[in-house]
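1. generate coordinates for the sequence data below:
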Amino acid sequence: MISRVGDIVLLAFDVGERRIGVARAVVPPRIAEGLITLTNDASLPQALTALYARTQPETVVVGRPRNQAGEMTAQTRAVERWVNQFLVPLKVPIVWQDESLTSVQAEQYLGVGHRAFTKADVDKKAAELILSDYLETLTV
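-> Numbers count the residues shown, from 1 in each chain. Prediction:
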C-alpha cells in the first residue's frame with residue numbers, strides 16, 4: 001500500500017508460460033523488491049485482481065522479451081497477448097521494459113553463496129531486475 005502521501009506504487013511482471021514473477025516499488029525511494037510469483041493458470045485473473053486491490057499501482061512495467069539481435073520473438077507476441085488479456089482490462093498504464101538476460105542475471109544473483117533457489121525465486125528476482133532497470137530511467 002502507499003505509505004506516504006505522494007508516493008507512487010509500481011508493479012512489474014516477468015511473464016512466463018508457467019509462472020509470472022512480480023516485483024513492486026514505491027517511489028520515492030525507487031527501490032524494487034521481488035514480491036511474489038503467480039502461477040499462470042486458471043487462478044491468475046483472481047490473483048491479479050487481488051494483487052491490484054492490495055497494491056493499487058499507478059503504473060505497471062512488463063518485461064518485453066527479445067532475441068539477442070533485439071528482434072521480437074514468439075515469446076514477445078505471447079507476452080503481448082497476455083498483457084492484452086489480463087492487464088489492459090485493469091485500466092492501469094502499462095510500460096514495456098527490455099528484459100534481456102534478466103533471468104540469467106537473477107540466477108547468478110541467487111546462486112551467490114551456493115544458496116538453493118527455485119524457478120519461482122528466479123522469476124520473482126527477474127521481475128525485480130526489470131523494475132530496477134525501469135526505475136533508473138525515471139526523472140521524478
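
2. for stretch 52-59, measure first residue to last.
-> With Cα to Cα, to the nearest Å as the measure, stretch 52-59 spans 11 Å from end to end.

3. now tell me which helix or strand of this protein has the poorest mean pLDDT.
-> helix 102-111 (a mean of 69; mean pLDDT, DSSP states H and E).

4. ok, residues contacting the longest helix belonging to the chain?
-> When the chain is parsed with DSSP state H, its longest helix is helix 119-137. With contact meaning Cβ atoms under 8 Å, 6 or more residues apart in numbering, helix 119-137 is reached by 10-14, 16, 19-25, 27, 30-37, 61-63, 95, 97-99, 102-103, 105-107, 109-110. To be clear about C-beta, it is placed using only N, CA and C from the backbone, and glycine gets the same treatment.

5. swap in stretch 64-74?
-> By Cβ under 8 Å, 6+ apart, stretch 64-74 touches 75-76, 79, 96-100.

6. what is the most widely separated pair among those?
-> 75 and 97 (15.0 Å; Cβ to Cβ).

7. so for those two, which residue has more residues nearby?
-> Using other Cβ atoms under 10 Å, the more surrounded residue of residue 75 and residue 97 is residue 97, with 21 against 16.

8. and the pLDDT at that one?
-> pLDDT recorded at residue 97 is 91.

9. residue 138 and residue 28, how far apart?
-> Here residue 138 is placed at a distance of 10 Å from residue 28 (Cβ to Cβ, to the nearest Å).

10. where does this protein dip in pLDDT?
-> Within the chain, the stretches with pLDDT under 70 are 1-6, 101, 104, 107, 110-114, 140.
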